[in-house]
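Undergrad: pasting the structure only:
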């Protein structure tokens, strides 16, 4: 198969999915901002041997603030507080640690 064939055949599984819900924009924003954080970290390791400068720290602070904003908007749309999400996460990880499954795969370990 070549790319022209793939492109044509892949349309068999294509479907327009309406996304006119208020949770869509902050979800896309969160993914975008998390990618920007990852990109900055990648460049710190690629170009600076992993040394995080004060300027890098400031740039990451800005991006992490954007991540937090989008996360907050998603929580608000889901009628969740940041506190309850954080508390659940800490409890989940503590349980995994106690059961010896802190590493590995799967959401329900």
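TA: Ah, there it is. Just so we're clear, the structure is a prediction, and the values are computed from it rather than from any experiment. Residues are numbered from 1 along each chain as shown.

Undergrad: quick one: contacts of stretch 39-46?
TA: By C-beta atoms under 8 Å, 6 or more residues apart in numbering, the list of residues contacting stretch 39-46 from outside reads 50-52, 56, 59-60, 63. All C-beta atoms are positioned from the backbone trio N, CA, C, and that covers glycine.

Undergrad: repeat that with 6 Å
TA: 52, 56, 59-60 (C-beta atoms under 6 Å, 6 or more residues apart in numbering).

Undergrad: What subset of those is buried?
TA: 59-60 (16 or more other C-beta atoms under 10 Å).

Undergrad: Please determine how far residue 3 is located from residue 10.
TA: Applying C-beta to C-beta, to the nearest Å, the value for residue 3 to residue 10 is 10 Å.

Undergrad: and what of residue 53?
TA: Distance, residue 53 to residue 10, by C-beta to C-beta: 44 Å.

Undergrad: go on, residue 84?
TA: Relative to residue 10, residue 84 is positioned 40 Å away (C-beta to C-beta).

Undergrad: and the residue nearest to residue 60 when sequence neighbours are not counted, how far is that from residue 76?
TA: Leaving aside its chain neighbours, residue 60 sits nearest to residue 40 (5.8 Å; criterion: C-beta to C-beta, 6 or more residues apart in numbering). To residue 76, residue 40 is 26 Å away according to C-beta to C-beta.

Undergrad: same thing with residue 4?
TA: For residue 4, the distance to residue 76 - C-beta to C-beta - is 45 Å.

Undergrad: more crowded one of these two?
TA: When neighbours are counted by other C-beta atoms under 10 Å, residue 76 comes out ahead of the other of residue 4 and residue 76, with 14 against 8.

Undergrad: Over to stretch 1-15 now: how far is its first residue from its last?
TA: 22 Å (C-alpha to C-alpha, to the nearest Å).

Undergrad: circling back to that earlier point, secondary structure for the contacts of stretch 39-46 - can I get that in TSV?
TA: Listed next are the contacts of stretch 39-46 as TSV, based on DSSP: H, G, I helix; E, B strand; the rest coil:
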residue	secondary structure
52	coil
56	helix
59	helix
60	helix
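
Undergrad: Alright, I will stop here.
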